[in-house]
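J.: quick one: sequence and predicted model below, then my questions.
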Amino acid sequence: GAVVSQHPSRVICKSGTSVKIECRSLDFQATTMFWYRQFPKKSLMLMATSNEGSKATYEQGVEKDKFLINHASLTLSTLTVTSAHPEDSSFYICSARRRRPADRDYGYTFGSGTRLTVV
Amino acid sequence: QKEVEQDPGPLSVPEGAIVSLNCTYSNSAFQYFMWYRQYSRKGPELLMYTYSSGNKEDGRFTAQVDKSSKYISLFIRDSQPSDSATYLCAAPYGQNFVFGPGTRLSVLP
């Protein structure tokens, strides 16, 4: 089945530094990848949608200069949190859409998430 | 008004109980519905999806959609402690999903 690998699973960084999170589709090509943020006991909040080879589309209220998204290939998208602050501490999850939707999952698979703690 | 509503719980049941998880939605344009299970500190994993009104069964899980009342349900039979997780209902919309806030379920041994 479709597998999306997300790394790192957990990262602690100092305030002011940048952190890169990777999302890879292991056995399929992902034309579109989504980045979500999830606060404790809250649902997933879409941050941005990235299409391979083009600029990401950010949701309202998400700073594109702070959350840099790169989708350079059909199997890799990265989210870089720049100049991280404690309020950026959260659970970040990526989701990838298959090039050809499969019946089982309608073409969307989630990564396992990254717990970011900014100290 | 949120497009997908869900009681956040927590819902605690004894092992073996039948669990009923519910969502309501407001957008008539939603055609498909999914149930995702999310364990603590993990990404969501797809449990079931449904397209039309009616029931769909998969092992101990049954998904039910009532489009006339805009109501989605997930039933878990013979619940197990391993079912303890947050359950999110979702509806694809365009390229994305609209998620409910999730219901936290605890199945007590």
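T.: Received it, and whenever you're ready, just let me know what you need.
J.: the strand with the most length in chain B close to chain A?
T.: Longest strand of chain B, by residue count under DSSP state E: strand B:85-93. Yes: legend: contact between strand B:85-93 and chain A by CB under 8 Å from any CB of the partner chain is shown at B:Leu88, B:Pro92. In short, each C-beta sits where N, CA and C put it, glycine included.
J.: show me what from chain B comes close to chain A.
T.: Counting by CB under 8 Å from any CB, the residues of chain B that sit close to chain A are B:8, B:32, B:34, B:36, B:41-46, B:49, B:88, B:92, B:95-97, B:99-102, B:104.
J.: mind giving me the ChimeraX select for the residues you listed, buried ones only?
T.: Here is the ChimeraX command that selects only those of the residues of chain B next to chain A that count as buried (16 or more other CB atoms under 10 Å in any protein chain shown):
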select /B:34,36,42,43,44,46,49,88,92,96,97,99,100,101,102,104
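J.: now the phi/psi pair for A:Thr109, please.
T.: phi -130, psi 140 (degrees, to the nearest 10).
J.: and the gap between it and chain B?
T.: 8 Å (CB to the nearest CB, to the nearest Å).
J.: please name the bridge partners of that residue.
T.: Per DSSP bridges, the residues bridged to A:Thr109 are A:Ala96.
J.: doesn't A:Gln6 make contact with it?
T.: No: in this structure A:Thr109 lies outside contact range of A:Gln6 using CB atoms under 8 Å: 10.5 Å.
J.: looking at those two, which one has more neighbours?
T.: Neighbour count, other CB atoms under 10 Å in any protein chain shown: between A:Thr109 and A:Gln6, A:Thr109 has more, with 25 against 22.
J.: please tell me how far that one sits from A:Val4.
T.: Noted for A:Thr109: a distance of 5 Å to A:Val4, by CB to CB, to the nearest Å.
J.: which ones are touching B:Gln38?
T.: B:Pro44, B:Glu45, B:Ala85, B:Thr86, B:Tyr87, B:Leu88, B:Gly102 (CB atoms under 8 Å, 6 or more residues apart in numbering or on different chains).
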